[in-house]
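In: Just to be clear, the model below is a prediction. Sequence and coordinates:
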Amino acid sequence: MARIATFMLSAALAFGAGANGVQTVDDFTLIDHGGEAHRLSYYADAPAVVLFVQGNGCPIVRNVLPDLKAVRDRFEPRGVRFLMLNANLQDTRQAIAEETQEWGIDFDVLHDEAQLVATSLEVERTAEVFVIEPKTMQIVYRGAVNDRLTYERQKKEASKHYLADALTQTLEGKDVATPHVAARGCLVNLEPEAEVASYTDTIAPMLKDHCAECHRPGGIGPWAMTSHAMVKGFAPMIREVVRTRRMPPWHADPAVGHWQNDGGLAASDAKTLVRWIEAGAPRGKGPDPLETVVAADEDWPLGEPDLVVDIPAFDIPEAGVVDYQFPVVANPLDEDVWVRAITILPGATEVVHHVLVGTGEGATNGESVFDNYLGGYAPGTGSTIMPEGTGVLVKKGEVFQFQLHYTPYGKAVTDRTRLGVYLHDEKPKNFLRHEVV
């Protein structure tokens, strides 16, 4: 299972019926109570995924835990993956973690903060369990773990083992005899959207802020968000990549600190965007803010640099994988200088994934760029401006060392990226050393 440095339906909804009438679930990515991300499709090799609806403080959830653990101990050695889902409005990730510690919940509890998954599954109560065939995304069983518990009463032992029977039949390649049993549990408050968001006032500005930096004419995004018509055409795809957290491409954990240049989409914004798409991506009234999205600016945003460094041209093929490139360019300056800012202008924005630059003695390996790191470029980032009163020392005789990553996009192209360097007039009070994580 891939570990992510922690950051998250159209008319068909995420929980619907396939061609054969079997209910299905769309792929999703959620972060668990420990900060690890889980994508349902990651478990495609498992014969089944069990998703149990958990909620803090629910007595039935707490009481059924031993039964669920017994089923897990029986079927997990056979490859079945067991997960929990918490979509309670009142349960924070920290509160969920505390509940797992107090009650010995040794399952990964996925925090559905935006309630997108629970809504698509039409979850009503905790203690309900879903059995999913991850290869087909079919829900082969949903309901109670067994018949031992009901409201205010419980039996010494269960007489019907719904979940265990469903897993046995699924692993044997059989249809589940009883695909649905009403579950007893605490009601989950799925918050309804008050109204569908306005495209002009909410959706388009959100897309402009979080997506259009790449999805614009000449940008690295494969299509440009230049109108409502374009967005509506790609709406099902937008919904998918938001639900699986593939886009925006920002994987820093929002629960850990505050990030500079945060490019993530808040859970509340993801919820608003997905529900707008599910409502049919209505245009509504008002102007279209996306019509003002323009091509990438080829000018120097900080003004004319003190030094322009031309990175050697590089030919990118139309397809395939391009190895990282580590060109070296001589420093033409005849004295030591202090750098206060840099700007990198990509030549072929469609294929330039990122550029990093530093100075050093001329090594051409992946780490040399960090010998005396200056800054970098990635879609959505601006110039690198050193903190006030600081600068990076570039010594006479050093060379500029680069790392470039290209991603072919279906057309052969030549990249001619440039570096603009801005210098202090006097030595700053502090020297700066920084790197990239």
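Out: Great, that's in hand. Numbering: from 1, shown residues only.
In: now this structure, which segments are flagged as low pLDDT?
Out: 1-22, 296-297, 363-366, 437 (pLDDT under 70).
In: relative to its centroid, which residue of it is most remote?
Out: Distance from the centre of the chain peaks at residue 334, with 45.9 Å (CA atoms, centre = their mean).
In: Secondary structure class of that one, three-state.
Out: Look at residue 334: counting by DSSP: H, G, I helix; E, B strand; the rest coil, its state is coil.
In: Which residue comes closest to it once chain neighbours are left out?
Out: Using CB to CB, 6 or more residues apart in numbering and skipping the chain neighbours, the partner closest in space to residue 334 is residue 396 (6.2 Å). Placement of C-beta: from N, CA and C, glycine included.
In: check contacts around the one you found.
Out: 331, 333, 334, 335, 336 (CB atoms under 8 Å, 6 or more residues apart in numbering).
In: The third one and residue 310, how far apart?
Out: Read it as residue 334. 19 Å (CB to CB, to the nearest Å).
In: ditto for the first one
Out: The spacing between residue 331 and residue 310, counted by CB to CB, is 13 Å.
In: tell me which element residue 276 is part of?
Out: Element membership for residue 276 (DSSP states H and E) is helix 267-278.
In: what's the next secondary structure element after that helix?
Out: strand 307-310.
In: So in that sheet, which strands flank that next one, and in what orientation?
Out: strand 418-423 (antiparallel) (DSSP bridges).
In: quick one: buried residues of the partner strand?
Out: 418, 419, 420, 421, 422 (16 or more other CB atoms under 10 Å).
In: Skipping its backbone neighbours, what lies nearest the third one in space?
Out: With CB to CB, 6+ apart as the measure, residue 305 is the residue that lies nearest to residue 420, at 3.4 Å, once sequence neighbours are left out.
In: Number of residues surrounding the residue nearest to residue 432 when sequence neighbours are not counted?
Out: Nearest non-adjacent residue to residue 432, counting by CB to CB, 6+ apart: residue 390, 4.1 Å away. Using other CB atoms under 10 Å, residue 390 has 17 other residues around it.
In: wait, what's in contact with residue 390?
Out: Applying CB under 8 Å, 6+ apart, the residues contacting residue 390 are 428, 429, 430, 431, 432.
In: List phi and psi for the residue nearest to residue 334.
Out: phi -60, psi 140 (degrees, to the nearest 10).
In: Spell out the secondary structure type for the closest residue to residue 54 other than its chain neighbours.
Out: Leaving aside its chain neighbours, residue 54 sits nearest to residue 84 (4.1 Å; criterion: CB to CB, 6+ apart). Classification of residue 84 by three-state DSSP places it in strand.
In: mind listing what residue 84 touches?
Out: Taking CB under 8 Å, 6+ apart as the test, what residue 84 contacts is 51, 52, 53, 54, 105, 107, 108, 109, 110.
In: Go through the residues you listed and give me the one with the most neighbours.
Out: residue 54 leads the contacts of residue 84 on contacts (other CB under 10 Å) with 29 neighbours.
In: Correct me if wrong: that one contacts residue 64.
Out: No. Between residue 54 and residue 64 there is no contact under CB atoms under 8 Å: 10.2 Å.
In: Would you check how far apart the most centrally placed residue in the chain and residue 39 are?
Out: By CA atoms, centre = their mean, the chain has its centre lying nearest to residue 245, at 2.8 Å. Distance of residue 245 to residue 39, given as CB to CB: 8 Å.
In: Identify the contacts common to those two.
Out: residue 29.
In: strands paired with the host helix or strand of residue 391, and their directions?
Out: For residue 391, the element it lies in under DSSP H and E is strand 390-394. Paired neighbours of strand 390-394 in the sheet (DSSP bridges): strand 337-345 (antiparallel), strand 430-431 (parallel).
In: Only the buried residues of the helix ranked longest in the chain, if you could.
Out: The longest helix of the chain (DSSP state H) is helix 59-75. Residues of helix 59-75 classed as buried: 60, 61, 62, 64, 65, 67, 68, 69, 71, 72, 75 (neighbour count, 16+ other CB under 10 Å).
In: residues in contact with the fourth one?
Out: By CB under 8 Å, 6+ apart, the contact list for residue 64 reads 127, 145, 146, 148, 149.
In: For residue 294, which residues are in contact?
Out: 216, 217.
In: make it 10 Å
Out: Going by CB atoms under 10 Å, 6 or more residues apart in numbering, residue 294 touches 212, 216, 217, 218, 224, 226.
In: Neighbour count, secondary structure and distance to residue 327 added to the residues you listed, as TSV?
Out: As requested, those are exported to TSV (neighbours: other CB atoms under 10 Å; DSSP: H, G, I helix; E, B strand; the rest coil; distance: CB to CB, whole Å):
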residue	neighbour count	secondary structure	distance to residue 327
212	22	coil	30
216	22	coil	27
217	14	coil	28
218	15	coil	23
224	18	coil	30
226	19	coil	34
